[in-house]
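*Asks:* build the 3D model from these lines:
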Amino acid sequence: MSPSRPTVLLVDDEPLSLETLTRTLDESFEVLTATSASAAEEILAEEWVQVVVTDQRMPETTGVEFLARVRERWPDVVRIIISGYTDPGDIIDGINRAGIYQYITKPWHPDTLLLTVGNACHLYRLQREHALLSLETRLTAATLEQRLAEQRARLKRTFRLDAIVRSRGGPLDAVCDLVERVAPYDIPVLLTGESGTGKELFARALHYNSHRADKPFVAENCGAMPDQLLESELFGHKKGAFTGAVNDRIGLFEQADGGTIFLDEIGEVSRTFQVKLLRVLQEGEVRPLGSNRRRRVDVRVVAATNRSLETEIGEGRFREDLYYRLAAVRLHLPPLRERPADIPVLARHHLKAAVAAFGKLVTGLSDDLIDRLQRYHWPGNVRELQNEIQRMLVMCDGDELGADLLDPGILVAASRSEPSASEPLEDQTLKARIEALEIVVLGEALERNRWNKSQTAAQLGLSRVGLSAKIERYGLARHQENPRRDPP
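*Replies:* Next up is the predicted model:
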């Protein structure tokens, strides 16, 4: 254990000189003394010394020669020489051979000696802290590198193609086969499909099943973003390039260098920005806003859209040359309503994840609920299904999720007919869409009033008979568990 005060070793063959030095320093430092270099070396071998102060002229050796040995054996100790001679050659020799910190000439002043030794102790402490910090930095870097490797390995496992949740023999098998075939090659891929079908999931699968898996994957949603902001996000900017640019910024293309960049909602970007993006894809270089220098980047581009870019091209809103730069391979993700066999598998997967996240134990899904889930058309696709499973888990009081927990709108829509892949929501008649909205409003009002028909009818401006007729017409009564008895 180190002493509370720094330790200074004084070396001088004259006892009177040692006594004078000791009186000057012992109020501020722990002082050890030696009358010869050999005695001093014995002390250094046993004690934790921060500073050595030695006379230059001693019988058996010079101070420079002694400190040269100290430098070799105890390099952290700060070395000071006191001498009555100021020959420049001695000073240079001391600096070169012994690495002395300070050369003090006789006669010395007590305040000067105290200040010099104090500064030497401070230097020693700084050197020790720097050494410890350097060690800690090396340990931290090694730890971070190990954690990064573990995270990459975990991501590779997560995005293995056989780990993508789906039913075997379903439509996604063909998609996964295409991803497996395309992933190893640096070829741009365009992912198409409705919102919520998992386009980013497959973009990551393309990355983590490629030779770029150990490099960055970055993503940007390009929808509804002004050109200047999008250009800054993707290509970077220099300080002062525009109002609010208070620092230099590295764009996502540079951040993804060596890896993959995922451009979601690519169909939303303006024609002006399309030209700039096309130039980057053609030349493999980006120029940050406000900079005159171009920077080379090596990235694989995966883009995604829920629009028909062919239609956008025909109507003049998307550049055909950019389309062919992005869509060397086109990969379409089918909507969930065309994958009914995937729904039970996905529902159980999301339930398991929600149980782990919320800490609420539920054993599974009822058969009736599975049936309703498969009969609903899921306009929000997998994302909507995930949200509904989480909501039902929060509302559940039992050990199993049942159909009674479904959102009223989903419940009624799933009860009216079998799912239809040929009738998307936007193609339904006005009457059907109004009825669907009415079902949602009725269901929410009934739930809010705990199925008290009188209160519900009063809130909705209906007669009790009219409300009952609508409940019967839409089949809502069939889904009420333990209906509350209204007063006569």
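
*Asks:* how far does stretch 58-78 stretch from start to finish?
*Replies:* 20 Å (CA to CA, to the nearest Å).

*Asks:* report the buried residues of that stretch.
*Replies:* 58, 61-68, 70-71, 77-78 (16 or more other CB atoms under 10 Å). Where you see a C-beta, it was placed from the backbone N, CA and C, and this is true even at glycine.

*Asks:* from those residues, which land in helices?
*Replies:* 63-68, 70-71 (DSSP state H).

*Asks:* tell me where the stretch 251-400 of the chain has strands.
*Replies:* Here the stretch 251-400 of the chain has its strands, by DSSP state E, counting those that start in this stretch, at 260-264, 285-286, 295-296, 300-305, 329-332, 364-365, 400-401.

*Asks:* can you list the weak-confidence ranges in the stretch 51-200 of the chain?
*Replies:* Scanning the stretch 51-200 of the chain for pLDDT under 70 picks out the ranges 85-91, 93-94, 139, 141.

*Asks:* residue ranges for the helices of it, please.
*Replies:* Under the criterion DSSP state H, counting those that start in this stretch, the stretch 51-200 of the chain contains helices at 63-73, 88-93, 110-158, 171-182, 199-208.

*Asks:* looking at those, which is closest to Glu30?
*Replies:* With CB to CB, the closest approach to Glu30 among the helices of the stretch 51-200 of the chain belongs to helix 110-158: 10.5 Å.

*Asks:* against which helices or strands is that closest one packed?
*Replies:* helix 15-25, strand 51-55, strand 78-83, strand 102-105, helix 199-208 (3 or more CB pairs under 8 Å, 6 or more residues apart in numbering; DSSP states H and E).

*Asks:* can I get the ones you listed in TSV with distance to Gln282?
*Replies:* Formatted as TSV, the helices and strands packed on helix 110-158 follow (distance: least, CB to CB, whole Å):
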stretch	distance to Gln282
helix 15-25	74
strand 51-55	66
strand 78-83	61
strand 102-105	64
helix 199-208	21
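
*Asks:* so which of those comes closest to Leu446?
*Replies:* Ranking the helices and strands packed on helix 110-158 by their distance to Leu446 (criterion: CB to CB) puts helix 199-208 first, at 36.8 Å.

*Asks:* now the element after that closest one, going C-ward?
*Replies:* Scanning forward in sequence from helix 199-208 by DSSP states H and E, the next helix or strand is strand 217-221.

*Asks:* ok, back up a step: next, format the strands of the stretch 251-400 of the chain as JSON lines and append mean neighbour count, distance to Tyr474 and mean pLDDT.
*Replies:* As requested, the strands of the stretch 251-400 of the chain are exported to JSON lines (neighbours: other CB atoms under 10 Å; distance: least, CB to CB, whole Å; pLDDT from 0 to 100):
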{"stretch": "strand 260-264", "mean neighbour count": "24", "distance to Tyr474": "37", "mean pLDDT": "97"}
{"stretch": "strand 285-286", "mean neighbour count": "19", "distance to Tyr474": "56", "mean pLDDT": "94"}
{"stretch": "strand 295-296", "mean neighbour count": "14", "distance to Tyr474": "61", "mean pLDDT": "93"}
{"stretch": "strand 300-305", "mean neighbour count": "25", "distance to Tyr474": "36", "mean pLDDT": "97"}
{"stretch": "strand 329-332", "mean neighbour count": "16", "distance to Tyr474": "35", "mean pLDDT": "95"}
{"stretch": "strand 364-365", "mean neighbour count": "16", "distance to Tyr474": "24", "mean pLDDT": "93"}
{"stretch": "strand 400-401", "mean neighbour count": "18", "distance to Tyr474": "23", "mean pLDDT": "93"}
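
*Asks:* among those strands, which is nearest Ala436?
*Replies:* strand 400-401 (23.4 Å).

*Asks:* name the residues that touch the helix or strand that that closest one is followed by?
*Replies:* Per DSSP H and E, the first helix or strand lying C-terminal to strand 400-401 is helix 408-416. By CB atoms under 8 Å, 6 or more residues apart in numbering, the residues outside helix 408-416 that reach it are 372-373, 375-377, 388, 403, 406, 436, 439-440, 442-444, 446-447, 474-476, 478-479.

*Asks:* could I get the buried residue list for helix 408-416?
*Replies:* 408-415.

*Asks:* distance of the residue nearest to the spatial centre of the chain from Thr272?
*Replies:* Most central in the chain under CA atoms, centre = their mean is Val218, positioned 10.0 Å from the mean C-alpha point. Distance, Val218 to Thr272, using CB to CB, to the nearest Å: 23 Å.

*Asks:* can you check Ala354 too?
*Replies:* For Ala354 relative to Thr272 (CB to CB), the value is 43 Å.

*Asks:* comparing these two, which shows the higher neighbour count?
*Replies:* Counted by other CB atoms under 10 Å, Ala354 and Thr272 do not tie: Ala354 has more neighbours, with 19 against 9.

*Asks:* now that one: how far from Ala347?
*Replies:* 10 Å.

*Asks:* before we move on, back to that, may I see the helices of the stretch 51-200 of the chain arranged in JSON lines, with distance to Ala469 as well?
*Replies:* Formatted as JSON lines, these follow (distance: least, CB to CB, whole Å):
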{"stretch": "helix 63-73", "distance to Ala469": "101"}
{"stretch": "helix 88-93", "distance to Ala469": "109"}
{"stretch": "helix 110-158", "distance to Ala469": "52"}
{"stretch": "helix 171-182", "distance to Ala469": "41"}
{"stretch": "helix 199-208", "distance to Ala469": "44"}
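
*Asks:* please work out which of those is packed deepest.
*Replies:* Greatest average neighbour count among the helices of the stretch 51-200 of the chain goes to helix 199-208 (a mean of 22), per mean count of other CB atoms under 10 Å.

*Asks:* which strands and helices sit next to that one?
*Replies:* helix 110-158, helix 171-182, strand 189-192, strand 217-221, strand 260-264, strand 300-305.

*Asks:* show me what contacts Glu265?
*Replies:* Neighbouring residues of Glu265 by CB under 8 Å, 6+ apart: 221-223, 304-306.

*Asks:* what's the distance between the closest residue to Lys360 other than its chain neighbours and Leu252?
*Replies:* Of all residues not flanking Lys360 in the chain, Leu393 sits nearest, at 6.0 Å (CB to CB, 6 or more residues apart in numbering). Leu393 is 35 Å from Leu252, where distance means CB to CB.

*Asks:* which one's more surrounded, these two?
*Replies:* Leu252 (22 against 19).

*Asks:* find the nearest non-adjacent residue to that one, please.
*Replies:* Closest to Leu252 by CB to CB, 6+ apart is Val218, at 4.8 Å.

*Asks:* surely that neighbour touches Gly258?
*Replies:* No - Val218 is beyond contact range of Gly258, at 11.3 Å (criterion: CB atoms under 8 Å).

*Asks:* how about residues contacting the helix or strand where Leu10 lies?
*Replies:* Element membership of Leu10 [criterion: DSSP H and E] is strand 7-11. The contact list for strand 7-11 (CB under 8 Å, 6+ apart) reads 18, 21-22, 25, 29-37, 39-40, 43-44, 47-55, 58, 63, 66, 117, 121.

*Asks:* could you give the mean pLDDT of that strand?
*Replies:* Averaging pLDDT along strand 7-11 gives 94.

*Asks:* that strand pairs with which strands, parallel or anti?
*Replies:* With DSSP bridges as the test, strand 7-11 is paired with strand 30-34 (parallel), strand 51-55 (parallel).

*Asks:* next, the buried residues of that strand.
*Replies:* Buried-residue list, strand 7-11, by 16+ other CB under 10 Å: 7-11.

*Asks:* give me the angle between it and helix 63-73.
*Replies:* Inter-element angle recorded for strand 7-11 and helix 63-73: 140 degrees (by axes from the mean of the first three to the mean of the last three CA atoms, to 10 degrees).
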